[in-house]
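Colleague: no sequence for this one, just the structure:
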């Protein structure tokens, strides 16, 4: 799992000044390597989500790719996902519901163990279209 380090944040700031507001990062989505262009704040947000959920950014991008509407852009779906994640977490009730939900689901899918039956899935059935 990638950790948010001072070195990573410094590289984000360096690229931001060198290449403009969008940063290009390579990720693996469902086993396929691809490049995604997102704002520095979006990359930082994805890193925070991955740390909180105990999963990788690649896991998040793969999950979003599988949930997004057909024909919609992956970058737009990732932005919508991150915004929805933090908006849900911004309320007291939402914070309690948002913590560790996606990580629990993805770890359960990877290991073949079902998620606990009382796991609230706030994003289930949502389309993260751009």
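Modeller: Arrived safely, thanks for sending. None of the values given here were measured: they were computed from a predicted structure. Numbers count the residues shown, from 1 in each chain.
Colleague: Average pLDDT for the helix of greatest length in the chain, rounded please.
Modeller: Longest helix in the chain, counting residues (DSSP state H): helix 74-89. On average, the pLDDT along helix 74-89 is 92.
Colleague: and that helix, what other elements does it pack with?
Modeller: Under the contact criterion of 3 or more Cβ pairs under 8 Å, 6 or more residues apart in numbering; DSSP states H and E, helix 74-89 touches strand 32-39, helix 40-53, helix 57-67, helix 92-98. Every C-beta, even on glycine, is put in place using the N, C-alpha and C of the backbone.
Colleague: a markdown table please, covering those and showing distance to residue 106, mean neighbour count and mean pLDDT.
Modeller: Shown next, in a markdown table, are the helices and strands packed on helix 74-89 (distance: least, Cβ to Cβ, whole Å; neighbours: other Cβ atoms under 10 Å; pLDDT from 0 to 100):
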| stretch | distance to residue 106 | mean neighbour count | mean pLDDT |
| --- | --- | --- | --- |
| strand 32-39 | 17 | 14 | 95 |
| helix 40-53 | 8 | 19 | 91 |
| helix 57-67 | 5 | 19 | 96 |
| helix 92-98 | 14 | 13 | 64 |
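Colleague: before we move on, the earlier item: tell me the angle of the longest helix of the chain relative to helix 57-67?
Modeller: Orientation check (axes from the mean of the first three to the mean of the last three Cα atoms, to 10 degrees): helix 74-89 against helix 57-67 gives 100 degrees.
Colleague: picking up where we left off before, can you add distance to residue 85 and give the helices and strands packed on helix 74-89 back as a markdown table?
Modeller: Below are those laid out as a markdown table (distance: least, Cβ to Cβ, whole Å):
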| stretch | distance to residue 85 |
| --- | --- |
| strand 32-39 | 14 |
| helix 40-53 | 6 |
| helix 57-67 | 9 |
| helix 92-98 | 6 |
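Colleague: For the longest helix of the chain, which residues meet the burial criterion?
Modeller: Residues 74, 75, 77, 78, 79, 80, 81, 82, 85, 88, 89 are the ones in helix 74-89 that count as buried (16 or more other Cβ atoms under 10 Å).
Colleague: measure the fifth one to residue 93 for me?
Modeller: This points to residue 79. Applying Cβ to Cβ, to the nearest Å, the value for residue 79 to residue 93 is 24 Å.
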